[in-house]
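[1] here is the input, now give the coordinates:
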Amino acid sequence: MGDTESATRGVADERRKHLHLRDLFDPACHAAFPLPEAPDVMGGIHSSSMLHVALHNAFPYLYRHDIPILVVAVTRVFCERG
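    Numbering: from 1, shown residues only. Got it, this is the predicted structure:
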């Protein structure tokens, strides 16, 4: 298992522990839809950063530590579904 995969697995496991994020997962995928399919860098800004911003704008009431958990989960789903 590579470093990236193990890091992703750790965050995915963590996501499953946060029940309040389960209800937001589908809306988060819809809020982030065009971004994970975009190239890694768009206009000098990494798409991961743009995904953080998009999810923060969609869910401004979330704690700061919740956004990265959703980012990894959404990115993982988009990568797996191709």
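
[2] what about this protein, any weak spots by pLDDT?
    1-16, 35-47, 82 (pLDDT under 70).

[3] isn't Leu51 up against Ala32?
    Yes - the criterion here is C-beta atoms under 8 Å, and Leu51 meets it with Ala32 at 5.5 Å. No exception for glycine: its C-beta is placed from N, CA and C like everyone else's.

[4] what residues do the two have in common as contacts?
    Val74 (C-beta atoms under 8 Å, 6 or more residues apart in numbering).

[5] element containing Met50?
    Assigned by DSSP states H and E, Met50 belongs to helix 47-58.

[6] who does that helix touch, helix- and strand-wise?
    helix 25-32, helix 66-81 (3 or more C-beta pairs under 8 Å, 6 or more residues apart in numbering; DSSP states H and E).

[7] what's the most buried one of those?
    helix 66-81 (a mean of 18; mean count of other C-beta atoms under 10 Å).

[8] give me the angle between that one and helix 47-58.
    Interaxial angle of helix 66-81 relative to helix 47-58 (axes from the mean of the first three to the mean of the last three C-alpha atoms, to 10 degrees): 120 degrees.

[9] please begin residue numbering at 14 from this point
    Shifting the count to begin at 14 puts that one at helix 79-94.

[10] by contact count, what packs against helix 79-94?
    Using 3+ C-beta pairs under 8 Å, 6+ apart: helix 79-94 touches helix 16-30, helix 32-35, helix 38-45, helix 60-71.

[11] circling back to that earlier point, okay, the helices and strands packed on helix 60-71 in TSV with distance to Asn70 next?
    Putting the helices and strands packed on helix 60-71 into TSV (distance: least, C-beta to C-beta, whole Å) gives the following:
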stretch	distance to Asn70
helix 38-45	8
helix 79-94	10
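
[12] which of the ones you listed sits closest to Lys30?
    Lys30 lies closest, by C-beta to C-beta, to one member of those: helix 79-94, at 9.4 Å.

[13] alpha carbons of that closest one, in PDB - could you do that?
    C-alpha atoms of helix 79-94 as PDB (Å, rounded to 0.1, in the frame of the first residue of the first chain):
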ATOM      1  CA  ASP A  79     -14.500  18.500   8.700                       C
ATOM      2  CA  ILE A  80     -13.700  20.000   5.300                       C
ATOM      3  CA  PRO A  81     -10.500  18.000   4.600                       C
ATOM      4  CA  ILE A  82     -12.300  14.800   5.600                       C
ATOM      5  CA  LEU A  83     -15.000  15.600   3.000                       C
ATOM      6  CA  VAL A  84     -12.400  16.600   0.400                       C
ATOM      7  CA  VAL A  85     -10.700  13.200   0.600                       C
ATOM      8  CA  ALA A  86     -13.900  11.300   0.600                       C
ATOM      9  CA  VAL A  87     -15.300  13.200  -2.400                       C
ATOM     10  CA  THR A  88     -12.000  12.900  -4.300                       C
ATOM     11  CA  ARG A  89     -11.800   9.200  -3.600                       C
ATOM     12  CA  VAL A  90     -15.300   8.500  -4.900                       C
ATOM     13  CA  PHE A  91     -14.700  10.500  -8.100                       C
ATOM     14  CA  CYS A  92     -11.400   8.700  -8.700                       C
ATOM     15  CA  GLU A  93     -13.000   5.300  -8.200                       C
ATOM     16  CA  ARG A  94     -15.900   6.000 -10.400                       C
END
